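[1] mind folding the following:
(2 chains)
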Amino acid sequence: RKEVEQDPGPFNVPEGATVAFNCTYSNSASQSFFWYRQDCRKEPKLLMSVYSSGNEDGRFTAQLNRASQYISLLIRDSKLSDSATYLCAVDTGRRALTFGSGTRLQVQP
Amino acid sequence: NAGVTQTPKFQVLKTGQSMTLQCAQDMNHNSMYWYRQDPGMGLRLIYYSASEGTTDKGEVPNGYNVSRLNKREFSLRLESAAPSQTSVYFCASSEAGAGRWIQYFGAGTRLSVL
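    Below you'll find the predicted structure:
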């Protein structure tokens, strides 16, 4: 089993739709969780950290479920500009992160 | 604010050639990382340096060496390039914030080995 797993997609959704991605992780000792956004042929950029209590940033909501060992990202009112690959990242306990392979989102007009 | 700077942006090598990828950060971060990204594989950690003077292997270290030259610079060397090392290489740096090691990435080096 991979340390961090994501559905590769693509998720094709119309503008204005709500879409959710999950990411499962295998290391129950992991303490830090993140969602990164990566545009085609660009570097990953931090979208948001994921806190135990869940957190929201505008149209984006991240949740952590420690019991089932997954994190989620919810995007409301999707925009064309949200089209990208979303990477989840989980700490390894050694100041390093393990990244999932990414979920590709395509928002269509 | 430059953040993390990688050079070169593109490189084509022949099998067996050597080269060094350079990375520098101006955020005064202690930790630095080298990843490679292949299609459908996500980011895989090659080496990292938790602090100046230390380096550790990541998931895929074979065929690579690293040098943490000082706090700002972390270089990745391919001694004898192989076609399997064709990839996009990202350097990152991080510092703890509220107990979280948030990583910031450079723009990447696209390497082709023929």
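
[2] any residues of chain B in contact with chain A? List them.
    Counting by CB under 8 Å from any CB of the partner chain, the residues of chain B close to chain A are B:31, B:33, B:35, B:40-45, B:48, B:50, B:56, B:58-59, B:88, B:90, B:94, B:99-108. Any C-beta I mention is one placed from the backbone N, CA and C, and that applies to glycine too.

[3] who's in contact with residue A:60?
    Contacts for residue A:60 (CB atoms under 8 Å, 6 or more residues apart in numbering or on different chains) come out as A:35, A:47-48, A:73-76.

[4] most neighbours of all those, which one?
    Top of the contacts of residue A:60 by neighbour number is residue A:35, holding 24 neighbours under the definition other CB atoms under 10 Å in any protein chain shown.

[5] mind pulling up the pLDDT for that residue?
    With respect to pLDDT, residue A:35 scores 95.

[6] find the nearest non-adjacent residue to it, please.
    Nearest non-adjacent residue to residue A:35, counting by CB to CB, 6 or more residues apart in numbering or on different chains: residue A:47, 4.4 Å away.

[7] residue A:7 now?
    residue A:103 (5.6 Å).

[8] the helix or strand hosting residue A:74 pairs with which strands, parallel or anti?
    Counting by DSSP states H and E, the element that carries residue A:74 is strand A:70-75. If you go by DSSP bridges, strand A:70-75 pairs up with strand A:19-25 (antiparallel), strand A:60-65 (antiparallel).

[9] mean pLDDT added to these, as a markdown table?
    Below are those laid out as a markdown table (pLDDT from 0 to 100):
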| stretch | mean pLDDT |
| --- | --- |
| strand A:19-25 | 95 |
| strand A:60-65 | 94 |
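
[10] in JSON lines: these, plus distance to residue B:73.
    As requested, the strands paired with strand A:70-75 are exported to JSON lines (distance: least, CB to CB, whole Å):
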{"stretch": "strand A:19-25", "distance to residue B:73": "32"}
{"stretch": "strand A:60-65", "distance to residue B:73": "33"}
